[in-house]
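**Q** I need the structure of the sequence given here:
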Amino acid sequence: MSADIQAAQSRLKAAVRNVGIGKGKEIADSEICEIFESFFRHMPQFDSAKYEEQLNLACGYVPSHAEIYLLRRWNTLTQDRKLDAEVLLAPYKSSLLDGLNRMRERISHTHHLRKSVFDDNLAQKLKWEISGYSGEEPFKTNAHAVFIGFLHEEGSGRDFIGALDECFGAIKAVIGTQRIWRLENQLRNLARPLDQYWGTVFSTIIVGRCAQHGLLNAPQDYEPEVGNSNNRAEALITVGGDKVLLEATVCISGRELISGRAIEDAGALADKIRVKVLDKAQQLQGAIDPVLLFLHPHHSMLGPEIQQGLGQALREADARVMGGVVVATNTIHGWKFGYVRNSYPGSKQLPEAVLISLGRIFELKELRLDAHPVEWARWQ
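**A** This is a model prediction of the structure:
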């Protein structure tokens, strides 16, 4: 390989790294021209039908989103030597369509979701989004986050669509036809943007598992009104004669990155946890029974930051309605659960029988707010 090609490869890889850390717009047009013109000069077939193979050779590996971004930039700078990005995108799009077909096949075998939530419009809209995919960044969908969730969890060997279907059925068996519309309306968020989708999956699986284990007893225990307001909890569960309100929430934002660097420190992330907990506590101030909050932090939040945020929130008087917080970490749908007691004076205490029952269902590990932060980091 000539020294000229090696130099062009080095410039391409440097540009790719800049794109990867969010500095793509800082790459000058002249630099992009120099990179691609070097390939045209020294690889005679670079602009032929074999350019995909040639670009693979130039990159030293299969072209990624960054190379496609640079290629599209090059196409805006040249008149007669444009390169067809669709040649590089074809394998990506084919893989996405295969994933969509697998998701449709899985949905077709569900007992409840295929009738109540998913329809042919979901697949058609996703096909349009895949067709229009630019390839300049990982595939995203603003309207159908369930597809991303399916691909993510499929790679981890989890059947979250099956789990959701079972939880839906367990809740439906308790609430019957009288209030099924509330559950169906909730689950339509599965085919919507991430902020609505994520919270719906989380709350449905939490409540559904409780229903599967006989802790949800009557139709009115699903999304019960709290106090004299229009606020609702996710569920009222009963263990023996003890009752506890369940609430579930997710943090959909975490560390914000600019040029690959986090612009928020640990204190800012801890404050997001504090605000999320206190918002839910304020919402359920009228509760007579103790509240247990299931909280899913953003994946970028670290254990010590969660610990700090919970410690700050539970010291507040508004949080006294909460008997504790269950923290869920790991993936969007496959969780590891830790439990924090609210031991501050005046807080409502959770009955031990409830904790034992939920501990078996969710395999709860008790976490202490006064533990060394390293313990939280290890648990996560």
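
**Q** which residues sit against the helix or strand encompassing Leu100?
**A** Assigned by DSSP states H and E, Leu100 belongs to helix 85-108. By C-beta atoms under 8 Å, 6 or more residues apart in numbering, the residues outside helix 85-108 that reach it are 51-52, 55, 63, 67-68, 71-72, 75, 113-114, 118, 123, 126-127, 130-131, 133-135, 139, 146-147, 150-151, 154, 159, 161-162. Backbone N, C-alpha and C define where each C-beta goes, glycine included.

**Q** buried set for that helix?
**A** Across helix 85-108, burial judged by 16 or more other C-beta atoms under 10 Å covers 85, 88-89, 92-93, 96, 99-100, 103-104, 106-107.

**Q** output that helix as PDB, nothing but the C-alphas.
**A** The C-alpha coordinates for helix 85-108 follow below in PDB (Å, rounded to 0.1, in the frame of the first residue of the first chain):
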ATOM      1  CA  ALA A  85     -24.500   6.200   0.400                       C
ATOM      2  CA  GLU A  86     -27.300   3.600  -0.100                       C
ATOM      3  CA  VAL A  87     -24.700   1.000  -1.200                       C
ATOM      4  CA  LEU A  88     -23.200   1.300   2.300                       C
ATOM      5  CA  LEU A  89     -26.600   1.600   4.000                       C
ATOM      6  CA  ALA A  90     -28.100  -1.500   2.400                       C
ATOM      7  CA  PRO A  91     -26.800  -4.000   5.000                       C
ATOM      8  CA  TYR A  92     -27.900  -1.700   7.900                       C
ATOM      9  CA  LYS A  93     -31.400  -1.300   6.500                       C
ATOM     10  CA  SER A  94     -31.800  -5.000   5.600                       C
ATOM     11  CA  SER A  95     -30.800  -5.800   9.200                       C
ATOM     12  CA  LEU A  96     -33.400  -3.400  10.600                       C
ATOM     13  CA  LEU A  97     -36.100  -4.800   8.400                       C
ATOM     14  CA  ASP A  98     -35.200  -8.300   9.500                       C
ATOM     15  CA  GLY A  99     -35.500  -7.100  13.100                       C
ATOM     16  CA  LEU A 100     -38.900  -5.600  12.400                       C
ATOM     17  CA  ASN A 101     -40.100  -8.900  10.900                       C
ATOM     18  CA  ARG A 102     -39.000 -10.800  14.000                       C
ATOM     19  CA  MET A 103     -40.800  -8.300  16.200                       C
ATOM     20  CA  ARG A 104     -44.000  -8.700  14.200                       C
ATOM     21  CA  GLU A 105     -43.700 -12.400  14.400                       C
ATOM     22  CA  ARG A 106     -43.300 -12.300  18.200                       C
ATOM     23  CA  ILE A 107     -46.200  -9.900  18.500                       C
ATOM     24  CA  SER A 108     -48.400 -12.200  16.400                       C
END
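
**Q** would you mind identifying the next helix or strand past that helix?
**A** That would be, after helix 85-108 and using DSSP H and E, helix 113-116.

**Q** who touches that following helix?
**A** Contact with helix 113-116 is made by 107-108, 161, 164-165, 168, 184, 187, 190, as judged by C-beta under 8 Å, 6+ apart.

**Q** could you dump those to a markdown table with pLDDT and distance to Glu234?
**A** What follows is the contacts of helix 113-116, written out as a markdown table (pLDDT from 0 to 100; distance: C-beta to C-beta, whole Å):
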| residue | pLDDT | distance to Glu234 |
| --- | --- | --- |
| Ile107 | 89 | 24 |
| Ser108 | 90 | 29 |
| Ile161 | 89 | 21 |
| Leu164 | 89 | 15 |
| Asp165 | 91 | 19 |
| Phe168 | 89 | 14 |
| Glu184 | 79 | 16 |
| Leu187 | 76 | 13 |
| Leu190 | 73 | 16 |
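
**Q** tell me where the stretch 201-350 of the chain is predicted with low confidence.
**A** In the predicted model, the stretch 201-350 of the chain carries pLDDT under 70 at residues 254-264, 331-334.

**Q** can you give me the strands in it?
**A** 235-239, 242-250, 257-258, 261-262, 291-296, 322-330, 335-341 (DSSP state E, counting those that start in this stretch).

**Q** any idea which of those strands is most buried?
**A** Mean neighbours per residue, mean count of other C-beta atoms under 10 Å, is largest over the strands of the stretch 201-350 of the chain for strand 291-296, with a mean of 26.

**Q** so what strands line up beside it?
**A** Paired neighbours of strand 291-296 in the sheet (DSSP bridges): strand 242-250 (parallel), strand 322-330 (parallel).

**Q** can I get these in TSV including distance to Gln45?
**A** Listed next are the strands paired with strand 291-296 as TSV, based on distance: least, C-beta to C-beta, whole Å:
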stretch	distance to Gln45
strand 242-250	51
strand 322-330	48
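
**Q** what residue ranges in the stretch 51-200 of the chain score low on pLDDT?
**A** Using pLDDT under 70, the stretch 51-200 of the chain drops low at 60-63, 116-117, 143, 191, 193.
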